[in-house]
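>>> quick check, what structure comes out for this input:
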Amino acid sequence: MLWIVAALAWLITVAAYLANVAAAHRWKTELSDPTFGPFTALAVIIPMLLGARLAQQARGAGVVVFGCSVVLVVLVGAWITGDWITCDGAIRRWHPGYYLPTAAAGLLAGGASAALGFTTLSRVLFGLGITSFVLLGSIISLRLYVVPDFPPPLLPTIAIELAPPVVAGSSWFAINGGKVDTPVEILGGLALLMLLVQFRLIPLYLRAPFGPGFWAFSFPFAATVTFGVHWLAAEHVRGGAALGYALAGILTAGFALLAVPTVTGLIHGTFLPRVPVTGGR
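Sure thing, here's the model as predicted:
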């Protein structure tokens, strides 16, 4: 039921988004936009996950949806990466959302491929994701460490720094058969550091006005709980099931904290940013 709700939410959001792009005639510039361009990859990442889940109920249809989405994910990631190379982008415009088109997409695709039994493909896509994480991580870390004045609406996207190690860990669990091995332990160490960093950043997050950027908290923490549950299962921790349910409950409460002000903001027209229209009518 939740997957069906997710699919409907994706359809509604993509339809509204494409209508907005068409109305503003942004077809040629959307992917190359230095601020919002990386987030467009989510439009093709989500159906990849939906296809992998659908394959559990209808193998043929799910594999088709998954396969088409993986092709789109790789093509979109390649196109956006090419834009980063060819365009004169100032490092001030970089933010952790730049992980999405290649690092996050590749890691998610690798784990989903393994779950579907495509072993070789899973390792290829995991390699795409983990190497992109290493390459992009150096640039994004440099931007966060030494370049001041991070735009307040984008401050919550710093939470995305937590996502790559935990997504990589869950994907590797799917590839290696659910065993705690050296790669998982290394990724777990980085994930722990990034999780603890989030507590230090709370005063920074409080400076940001509530808006779409706050939903950047949702995926990293959901992925962290997923990684943790996989680890508990792999280690056969006593009481692990109860702890997993507790983590899921805390995560659900966090989603509610995001959903309530989001709905309120949408009703009052304060959630989405308003961009002035240039030129006369």
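>>> can we go C-alpha only for contacts and neighbour counts from here?
Noted.
>>> list the buried ones in the host helix or strand of Ala234?
Element membership for Ala234 (DSSP states H and E) is helix 218-235. Across helix 218-235, burial judged by 16 or more other C-alpha atoms under 10 Å covers 218, 220-233.
>>> now swap in stretch 198-213 and tell me
By 16+ other C-alpha under 10 Å, the buried positions in stretch 198-213 come out as Gln198, Tyr205, Ala208, Phe210, Gly211, Pro212, Gly213.
>>> helix, strand, or coil at Phe210?
Using DSSP: H, G, I helix; E, B strand; the rest coil, the structure places Phe210 in coil.
>>> same deal with Lys179?
Counting by three-state DSSP, the backbone at Lys179 sits in coil.
>>> make 400 the first number, not 1, from now on.
Understood, numbering begins at 400; the last thing we discussed is Lys578.
>>> and the gap between it and Leu631?
Separation of Lys578 from Leu631 (C-alpha to C-alpha, to the nearest Å) stands at 11 Å.
>>> run a quick neighbour tally on Ala504.
29 (other C-alpha atoms under 10 Å).
>>> tell me the contacts of Ile444?
With contact set as C-alpha atoms under 8 Å, 6 or more residues apart in numbering, Ile444 has these partners: Ser468, Val469, Val472, Ala504.
>>> isn't the second one right up against Met447?
Yes - with the criterion set as C-alpha atoms under 8 Å, Val469 and Met447 qualify as a contacting pair; they are 6.3 Å apart.
>>> show me the shaky parts of the stretch 550-680 of the chain.
673-680 (pLDDT under 70).
>>> show me where it has its helices.
562-575, 581-599, 601-604, 617-634, 639-667 (DSSP state H, counting those that start in this stretch).
>>> just how off-centre is the helix holding Ala633 within its chain?
Offset of helix 617-634 from its chain centre (C-alpha atoms, centre = their mean, to the nearest Å): 15 Å.
>>> any idea how far the nearest residue to Leu646 once chain neighbours are set aside lies from Ala645?
Spatially, and ignoring its direct neighbours in sequence, Leu646 is nearest to Val624 (6.5 Å; C-alpha to C-alpha, 6 or more residues apart in numbering). According to C-alpha to C-alpha, Val624 and Ala645 sit 10 Å apart.
>>> same thing with Ala421?
Distance, Ala421 to Ala645, using C-alpha to C-alpha: 44 Å.
>>> correct me, but Val628 touches Ala645?
No - the pair Val628 / Ala645 is not scored as a contact, 10.6 Å apart, by C-alpha under 8 Å.
>>> what is in contact with these two at once?
Common neighbours of Val628 and Ala645 (C-alpha under 8 Å, 6+ apart) do not exist.
>>> coming back round to it: name the member of the contacts of Ile444 with the most neighbours.
Highest neighbour count within the contacts of Ile444: Ala504, with 29 neighbours (other C-alpha under 10 Å).
>>> and of the buried residues of helix 617-634, the nearest to Ala415?
The shortest approach to Ala415 among these belongs to Ser617, at 21.0 Å (C-alpha to C-alpha).
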